[in-house]
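Provided below are the primary sequence and the corresponding predicted coordinates.
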Amino acid sequence: MASQTRYLLGEDEIPTSWYNIAADLPVPPAPVLHPGTGQPIGPADLAPLFPMAIIQQEVSSDRFIPIPEPVLDIYRLWRPTPLHRAHRLERALDLPAGVRIFYKYEGVSPGGSHKPNTAIPQAYYAKQEGVARIATETGAGQWGSAMALAGSFFDLEVKVYMVKISFVQKPYRRALMETWGATCVPSPSPDTNAGRAILERDPESTGSLGIAISEAVEDATTRDDTKYALGSVLNHVLLHQTVIGQEAVRQMEMADAWPDVVIGCVGGGSNFAGLSFPFIREKLGGRPVRVVAAEPAACPTLTRGTYAYDFGDTAMLTPLVKMHTLGHGFVPAGIHAGGLRYHGAAPLVSLLLDQGLIDAVAVLQRPTFEAATLFARSEGILPAPEAAHAIRVTIDEALAAKQAGEPRTILFGLSGHGNFDLSAYDSYISGSLRDYEHPQSEIEAALADLPDVSRETSLG
Ligand SMILES: *Cc1c(COP(=O)(O)O)cnc(C)c1O
């Protein structure tokens, strides 16, 4: 079976629990703080935003949390997802036999990315608790489509605040959301106080993820029938994504291989965590593996951000979480990996970086699309621009191993396909795509606005 290309698990091998890395961390996660008082918050503070089952998962220290049967039922529509050996990419790179590339492909979900893995349970728990409506935000549109899909399965009304620049540039994502029954408006919108305030200052505002989060949070907290749902960053989202890595551990064993390095792209950190946490569990148990986060140089949260308490949104409505951040006022450049433009990174991913359990690398847009194009021409799949960051880092790892004459087994997360991102490929092919590195002066300016509590914490 030396030439096997896809490693497939049966439907009965879908993981039946999510893996909670909080149970195995060397240090406990920092508490989440109330934005007004700076004191640690409890479950009751989050109750206006999230279903109680989700809040319990957010703070749980149980190692495994069972996946409800109705969620498994929907997972069966596309899970387990395939693990591929990238034979053709290896040949295109002229790699020696000892340098091997595998990828775990999440683009087979109905939404085309890993995001339905958490949208489905979030909708399920909301429905269980009698919620009628979900308010959420979306950057490039993948999360909005995943939530729209989940809403249609559980008969929930879904309202999506979509970052205006994407709303204008990606009409097909909006059409997908509407087909699944959701309502989608450009953010900043006139529908919320947060949106109106921004439009008053800047009627031409193209929006940001932080602004859209402010709008969705305000929507959810001002209506009794509505909860909020977040597509990344929070512990429960990362938890739900661990089906990816649990499957991948078994599939690597099927392939009689173990990764020397696991690579994933990081926006908020959920697909990266989903793939890597089950491997980090093995690492903590003594089975070595290097884990690398790939991020854009235009939004270098992990490589150049500060590890401090910050707000999750621009309007400073959310609780404060300790994370790597570029500052809640950060407005990203218009790079084409819309899903990688968030100012923060998941607290759990930030903590692992701080503990030296993972590494992070930032890459530029053009080399990233160069890698994506080589991948598409050898493996066939058109990668999501976000996932292409992981491909760039994977190729660099493979070429470094080749150069050093060392064997290396590399596993990366192909978090989604890029079939809705053709305008990005169009810019690359036409030569209009520009490299952009976030300037240090802007990083410093945004960090000057961190909440006081974070300054005390980082000084203390
Ligand atoms: C949203 C998205 C990302 C970034 O989000 P994470 O929470 O960091 O995973 C990456 N890849 C794809 C395909 C996405 O849709």
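All right, it came through fine.

I'd like to know which helix or strand in this protein has the lowest mean pLDDT.
helix 452-459 (a mean of 54; mean pLDDT, DSSP states H and E).

unless I'm mixing things up, Arg18 is touching Ile67, no?
You called it Arg, but residue 18 is Trp. Yes: between Trp18 and Ile67 a contact is recorded at 6.2 Å, counting by C-beta atoms under 8 Å. To be clear about C-beta, it is placed using only N, CA and C from the backbone, and glycine gets the same treatment.

Those two: which is more packed in?
Between Trp18 and Ile67, Trp18 has the larger neighbour count (other C-beta atoms under 10 Å), namely 27 against 19.

Ala404: how many residues sit nearby?
With other C-beta under 10 Å as criterion, Ala404 counts 10.

Between its first and last residues, how far does stretch 220-227 reach?
With C-alpha to C-alpha, to the nearest Å as the measure, stretch 220-227 spans 5 Å from end to end.

Make residue 1 into 10 and carry on from there
Sure, I'll start counting at 10 from here, so that last one is stretch 229-236.

Next, the buried residues of that stretch.
Within stretch 229-236, the residues that qualify as buried are 229, 235-236, counting by 16 or more other C-beta atoms under 10 Å.

Dump the helix or strand in which Lys292 is found to CSV, restricted to CA.
Secondary structure assignment for Lys292, by DSSP states H and E: helix 279-293. C-alpha atoms of helix 279-293 as CSV (Å, rounded to 0.1, in the frame of the first residue of the first chain):
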residue,chain,number,x,y,z
SER,A,279,-10.1,27.0,15.6
ASN,A,280,-9.1,24.8,12.6
PHE,A,281,-5.5,24.9,13.9
ALA,A,282,-6.6,23.9,17.3
GLY,A,283,-9.0,21.3,16.0
LEU,A,284,-6.2,19.5,14.1
SER,A,285,-3.3,20.0,16.5
PHE,A,286,-4.8,19.6,20.0
PRO,A,287,-5.2,15.8,19.8
PHE,A,288,-1.5,15.7,18.6
ILE,A,289,-0.5,18.0,21.4
ARG,A,290,-2.2,15.6,23.8
GLU,A,291,0.1,12.9,22.4
LYS,A,292,3.1,15.3,22.7
LEU,A,293,2.3,16.0,26.4
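
does the ligand sit close to that helix?
Yes: for helix 279-293 and the ligand, the contact criterion (C-beta under 6 Å from any ligand atom) is met by 279-281.

which residues sit in contact with Pro57?
229-230 (C-beta atoms under 8 Å, 6 or more residues apart in numbering).

Actually, Asn126.
Per C-beta under 8 Å, 6+ apart, neighbours of Asn126: 84, 115, 118, 249-250, 252-253, 283.

again, only this time at 10 Å
27, 80, 84, 87-88, 90, 115, 118, 120, 155, 246, 249-253, 279-280, 283 (C-beta atoms under 10 Å, 6 or more residues apart in numbering).
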